[in-house]
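1. how would this look folded up:
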Amino acid sequence: MDIQETSEIAHTIPPAPTPPSPDKPVVEDPVRFMNDFEASDYFKTAYDKFFEGKKLAPDVTDQEKYNAFAENEVAKLALLDFAEKEETYVYNPSFFPQEVRQKLNDYIEQTRDLAKMMRGATRDEIISTDLMRSIYHDKAAYALRDAGLVGSYRLGKAFARLVLISRGLDNFETSRVSDLERMKRFIGVA
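-> Numbers count the residues shown, from 1 in each chain. The predicted structure follows:
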């Protein structure tokens, strides 16, 4: 889960959305976007770095290597870097199967509710709403993965954040914070 500390939540509500840069291609099709990402230097560099210095058994398949990489934080960061610097993803619900669209829309609405709630809600109300947002985030990530739109749960979480970014509900800086770092902040360790 990626529960955020109350003070972190207040600082993560992004300003009004900025239009996509005219210098970058804008893509609405999630399959094309993910294919472009996997063909990019961002993906290749992160993939190579992930396996650098690792000794793998000779019978490890390319699919097993991909799966290990795709579930790692390095893959998430590479996807976010690609989206920020190379190709703008813009959420268009018509490109998604109904079940995935519903999970993404639930996540969007829960995030909007959390943003509205920041004005005048108690700490417990905010934490409760953020917990629900986190659950919807997980459901969206699994739906994206299960539909074959992304290669892993972790990439699904990153892609769901791109959906929020395209709707002006998140930003790249907060999307890069690791789940572990979020949890540390929540329990007061960091």
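2. Endpoints of stretch 88-105, how far apart?
-> The first and final residues of stretch 88-105 sit 20 Å from each other (CA to CA, to the nearest Å).
3. average model confidence for it?
-> Averaged across stretch 88-105, the pLDDT comes to 98.
4. Residue numbering should commence at 33 henceforth.
-> All right, first residue 33 from here; so that's stretch 120-137.
5. Buried residues, that stretch. List them.
-> Thr120, Tyr121, Val122, Tyr123, Phe127, Phe128, Val132, Arg133, Lys135, Leu136, Asn137 (16 or more other CB atoms under 10 Å). No exception for glycine: its C-beta is placed from N, CA and C like everyone else's.
6. Regarding the chain, what is its longest helix?
-> Among the segments of the chain that qualify as a helix by DSSP state H, the longest is helix 155-178.
7. Which positions in it come out as buried?
-> 158-159, 161-162, 165-166, 168-177.
8. still on that earlier bit, using TSV, lay out the buried residues of stretch 120-137 together with secondary structure and distance to Val209.
-> Shown next, in TSV, are these (DSSP: H, G, I helix; E, B strand; the rest coil; distance: CB to CB, whole Å):
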residue	secondary structure	distance to Val209
Thr120	strand	21
Tyr121	strand	19
Val122	coil	23
Tyr123	coil	21
Phe127	helix	27
Phe128	coil	26
Val132	helix	24
Arg133	helix	26
Lys135	helix	22
Leu136	helix	21
Asn137	helix	24
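9. so which of those residues would you say is closest to Gln95?
-> Lowest distance from Gln95 to these (CB to CB) belongs to Val132, with 22.5 Å.
10. how near is Gln134 to Gly188?
-> Distance of Gln134 to Gly188, computed by CB to CB, to the nearest Å: 15 Å.
11. do the same with Val106
-> Applying CB to CB to Val106 and Gly188 gives a distance of 16 Å.
12. circling back: now, the most widely separated pair of the buried residues of stretch 120-137?
-> Thr120 and Lys135 (22.3 Å).
13. what ranges of the chain fall below the confidence cut-off?
-> 33-54, 212, 214-222 (pLDDT under 70).
14. Can you tell me, leaving aside adjacent residues, what's nearest to the most centrally placed residue in the chain?
-> Ranked by distance to the mean C-alpha position of the chain (CA atoms, centre = their mean), the top residue is Ala190 at 1.8 Å. With CB to CB, 6 or more residues apart in numbering as the criterion, Ala190 has its nearest non-adjacent residue at 4.3 Å, and that residue is Lys108.
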